[in-house]
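Peer 1: Quick check, what structure comes out for this input:
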Amino acid sequence: MSSVVSEELRREVLEANLRIPRAGLATLTWGNVSGVDREAGVFVIKPSGVDYDALTAEDLVVVSLADGSVVEGRLRPSTDTETHRSLYLAFPSIGGVTHTHSTHAVAFAQARRPIPVLGTTHADTFNGPVPVTAVLTPEQCARDYEYNTGQVIVDLLGRDDVRAREVPGALVAHHGPFTWGATATKSLEHAIICEAVAEMALHTLALGPADPPQHLLDRHFTRKHGPDAYYGNPPSA
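Peer 2: You can find the predicted model right below:
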């Protein structure tokens, strides 16, 4: 099919969305993934309310990065589309965004508590707690609600693209997690990790206080990220 976006990006976004229920991150249709093509000035996102079992590449909606208008697609895009767009505009390093209502991460969001760094599993991906936003004001909810949902994340991170790379996720107060990454696939992986470390944190906090040494956490983050990273192998290995 002829499209302003590549078939590769469309397939990646489709597969990332299909992985949401497989990873146990969504009830019903409560989740969406998008991927951006900055050169084309658009992003691809799941349509609103479509069951994952019925979702096809042709159902995906292509949206203008500049103004949020639908460029391609016969269905309405996700209701969270403007949140995704807000994040893309604020952070140039972001190539994909995932939003879910995964149980344990939502528990922290509803309690308005950041997910604390209690061990190395968390530190492998997030260089610090997964933070929680301020509560949206009545004015922010009444007008441009979804875009403002993204803006409270942007404000939380101080429009700092480096921080967005080092802590690739945030909890919107009383709502749930948004995660991001260099690609749509990476954003989904970060959502899976966010939910896993949220569950681990809840179990750990139930047992009692935990205070891991910062040098251990730093070591785990830097062995996977930055100029001295040595974890894993290149794709061709």
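
Peer 1: Any stretches of the protein with poor pLDDT?
Peer 2: Scanning the chain for pLDDT under 70 picks out the ranges 1-2, 237.

Peer 1: where do the helices sit along it?
Peer 2: With DSSP state H, the ranges of helices along the chain come out as 7-22, 81-90, 103-111, 120-123, 138-142, 145-156, 161-166, 184-207, 214-222.

Peer 1: isn't residue 165 right next to residue 93, touching?
Peer 2: Yes - assessed by C-beta atoms under 8 Å, residue 165 is found in contact with residue 93 at 5.3 Å. C-beta coordinates here come from the backbone N, C-alpha and C atoms, glycine included.

Peer 1: The two: which has the busier surroundings?
Peer 2: Higher neighbour count among residue 165 and residue 93: residue 165, with 17 against 12, using other C-beta atoms under 10 Å.

Peer 1: tell me the contacts of that one?
Peer 2: residue 93 (C-beta atoms under 8 Å, 6 or more residues apart in numbering).

Peer 1: Show me what the residue nearest in space to the middle of the chain is bridged to.
Peer 2: Residue closest to the mean C-alpha point of the chain, counted by C-alpha atoms, centre = their mean, is residue 179 at 1.7 Å. Applying DSSP bridges to residue 179 yields these beta-bridge partners: residue 98, residue 169.

Peer 1: follow-up on the earlier one: so which of the helices of the chain has the densest surroundings on average?
Peer 2: Among the helices of the chain, the stretch with the highest mean neighbour count (mean count of other C-beta atoms under 10 Å) is helix 81-90, at a mean of 23.

Peer 1: one step back: TSV for the helices of the chain, including distance to residue 233?
Peer 2: Shown next, in TSV, are the helices of the chain (distance: least, C-beta to C-beta, whole Å):
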stretch	distance to residue 233
helix 7-22	21
helix 81-90	30
helix 103-111	30
helix 120-123	20
helix 138-142	45
helix 145-156	33
helix 161-166	21
helix 184-207	17
helix 214-222	18
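
Peer 1: Select, out of these, the one closest to residue 230.
Peer 2: helix 214-222 (9.4 Å; C-beta to C-beta).
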